[in-house]
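J.: Here's a sequence, model it:
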Amino acid sequence: MYEELRNELKKRKYRITAQREMILKIFLESKGRHLGVDEVYRELLNRNVRVSKATVYRAVELLVELGFLRKLNFGEGLYRYELIDRSTRESHQHVICQKCGKIVEINSEQVKKIVSDISEKTGYVIKWHDLKFYGLCPECQKEESKAPESGQRTEISEEG
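T.: Got it, this is the predicted structure:
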């Protein structure tokens, strides 16, 4: 993938920098995690790469523009980014835990059928879609079932 990045940068007359390659490497090593710019910046600092947060932001946005990363909004007030499989560029769906923020990717055949039906009915060529499901992950469900219910009131009646 590094060679693809170098070729794409050359083709568009951008400089090939160590920071851009290192940021791509962080996404490649992230095991499918959806990273924000702050997380990428902290990881670079952990690897003793000295770079400004503004440089990281610009590099991540360039990787989006070049088609290496996809920019996602999970309603947290910040953008997260994921690596795109450039061979398929296939879309997928996300299930997001509303309590802990854990994100799981799913690839549903039913959703593929819906997208195909929409394309057929509208005449649009659907390039990609963004479908999210929100709920509670199994760990948060367990945690929630263990917690005492809040807001329960005990009523005491007085007899006179």
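J.: Let me see the confidence value for the residue most central in space within the chain.
T.: Closest to where the C-alpha atoms of the chain average out (CA atoms, centre = their mean) is residue 34, at 3.4 Å. Residue 34 carries a pLDDT value of 83.
J.: so who does it touch?
T.: Counting by CB atoms under 8 Å, 6 or more residues apart in numbering, residue 34 touches 72, 74, 80, 81, 82, 94, 103. For glycine as for every other residue, the C-beta is placed from the backbone atoms N, C-alpha and C.
J.: so what does the worst-scoring helix or strand of the chain on mean pLDDT touch, helix or strand wise?
T.: When each helix and strand of the chain is scored by mean pLDDT, DSSP states H and E, helix 2-11 comes last, with a mean of 72. Helix 2-11 sits against helix 18-28, with contacts defined as 3 or more CB pairs under 8 Å, 6 or more residues apart in numbering; DSSP states H and E.
J.: all helices of the chain, in order?
T.: 2-11, 18-28, 37-46, 53-65, 109-122, 138-146 (DSSP state H).
J.: report the angle between the axes of the first one and helix 53-65?
T.: So that's helix 2-11. Angle, helix 2-11 to helix 53-65, by axes from the mean of the first three to the mean of the last three CA atoms, to 10 degrees: 90 degrees.
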